[in-house]
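Visitor: I'll drop the sequence and a predicted model, then ask my questions.
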Amino acid sequence: MIAWLSDAHTWIALLQIIGVNIVLSGDNAVVIALACRTLPPKQQRLAILFGAAGAIVLRAVLTVFAVLLLAKPYLKLVGGVLLLWIAIKLLLPDNDGDGETDGKAGIYAAIKTIVIADLVMSLDNVLGVAAVAKGDVVLLVLGLLISMPLIIYGSTLIMRLMGRFPVVITLGAALLGYVAGEMAVTDPVAVPWIEANAPWLHMFAPLLGAVLVVLAGKYFARRKKRAVVEVAVEQQEPKP
């Protein structure tokens with residue numbers, strides 16, 4: 001153990017894992033911020049902490065099997081579709097219409113969203129971490145644990161920006177749509193056909209994903225607000 005700690009290569013690899021994890025986790029911080037933005041402050045802290053912790057644990061497990069998983073066909077296509085749906089849902093208003101979600105259900109929903117979205121988006125990210133760790137599970141886990149507070153701080157900062165500048169919410173969801181499009185065109189099934197017939201999709205698909213999320217999110221948000229208004233009007237109308 002002492003020899004392991006005194007090895008300069010160990011510390012260099014650890015710093016590299018932390019650096020790669022932070023650089024590649026910008027979109028993960030956006031998901032955390034989007035999922036928790038409507039919770040009360042106390043519940044925000046709990047959801048961020050447990051959501052990030054759950055995501056880190058799953059990411060560590062995923063990294064161990066990264067190469068095997070990423071070679072599977074259709075996995076990234078399915079992940080891209082799932083991430084699109086998550087991004088669109090994060091743009092929808094709350095059911096109560098007051099911009100704040102209460103109760104344990106809100107925390108659990110936020111944690112579930114964070115973990116699922118992080119797992120999907122980490123399909124690519126873990127390759128960089130796995131390459132640096134070179135099979136050293138202890139080094140991998142240490143790097144992820146040290147990175148966790150920095151990811152939490154980043155998501156908290158983004159959440160504050162969302163509170164002051166609502167356009168950041170739309171930009172964050174668009175970023176998730178961009179990542180979803182990027183994932184889809186790098187699936188092992190899609191790559192050969194795209195390279196041979198439509199290489200422009202590598203640039204167009206991520207942009208299409210971003211636009212699709214924003215347009216679909218705004219459309220469903222308007223429908224949901226309209227439904228809430230109609231229910232409120234019906235409740236206020238005097239019964240015959």
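Guide: Looks like it came in fine.
Visitor: if I pick residue 107, what's in contact with it?
Guide: 39, 43, 46-47, 50 (CB atoms under 8 Å, 6 or more residues apart in numbering). Every residue, glycine included, has its C-beta placed from N, CA and C.
Visitor: try 6 Å
Guide: 43, 46-47 (CB atoms under 6 Å, 6 or more residues apart in numbering).
Visitor: give me the pLDDT for it.
Guide: pLDDT, the model's per-residue confidence, is 83 for residue 107.
Visitor: name the helix or strand for it, please.
Guide: helix 104-133 (DSSP states H and E).
Visitor: now residue 180
Guide: Counting by DSSP H and E, residue 180 is found in helix 167-184.
Visitor: so what's the gap between that helix and the chain middle?
Guide: 9 Å (CA atoms, centre = their mean, to the nearest Å).
Visitor: report the buried residues of the very next helix or strand once past the helix holding residue 107.
Guide: Next along the chain after helix 104-133, taking DSSP H and E as the criterion, comes helix 137-164. By neighbour count on 16 or more other CB atoms under 10 Å, the buried set for helix 137-164 is 139-144, 147-148, 151-152, 154-156, 158-159, 161-162.
Visitor: quick check: what element follows the helix holding residue 180 along the chain?
Guide: Next in sequence after helix 167-184, counting helices and strands by DSSP H and E, comes helix 190-197.
Visitor: was I right about residue 162 contacting residue 171?
Guide: No - at 9.3 Å, residue 162 and residue 171 do not qualify as touching, with contact defined as CB atoms under 6 Å.
Visitor: got JSON lines for the contacts of residue 107, with secondary structure, pLDDT and distance to residue 88 too?
Guide: Below are those laid out as JSON lines (DSSP: H, G, I helix; E, B strand; the rest coil; pLDDT from 0 to 100; distance: CB to CB, whole Å):
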{"residue": "43", "secondary structure": "helix", "pLDDT": "85", "distance to residue 88": "23"}
{"residue": "46", "secondary structure": "helix", "pLDDT": "86", "distance to residue 88": "25"}
{"residue": "47", "secondary structure": "helix", "pLDDT": "87", "distance to residue 88": "20"}
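Visitor: mind putting those residues into CSV with neighbour count and distance to residue 176?
Guide: Output for these, formatted as CSV (neighbours: other CB atoms under 10 Å; distance: CB to CB, whole Å):
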residue, neighbour count, distance to residue 176
43, 19, 22
46, 16, 23
47, 24, 18
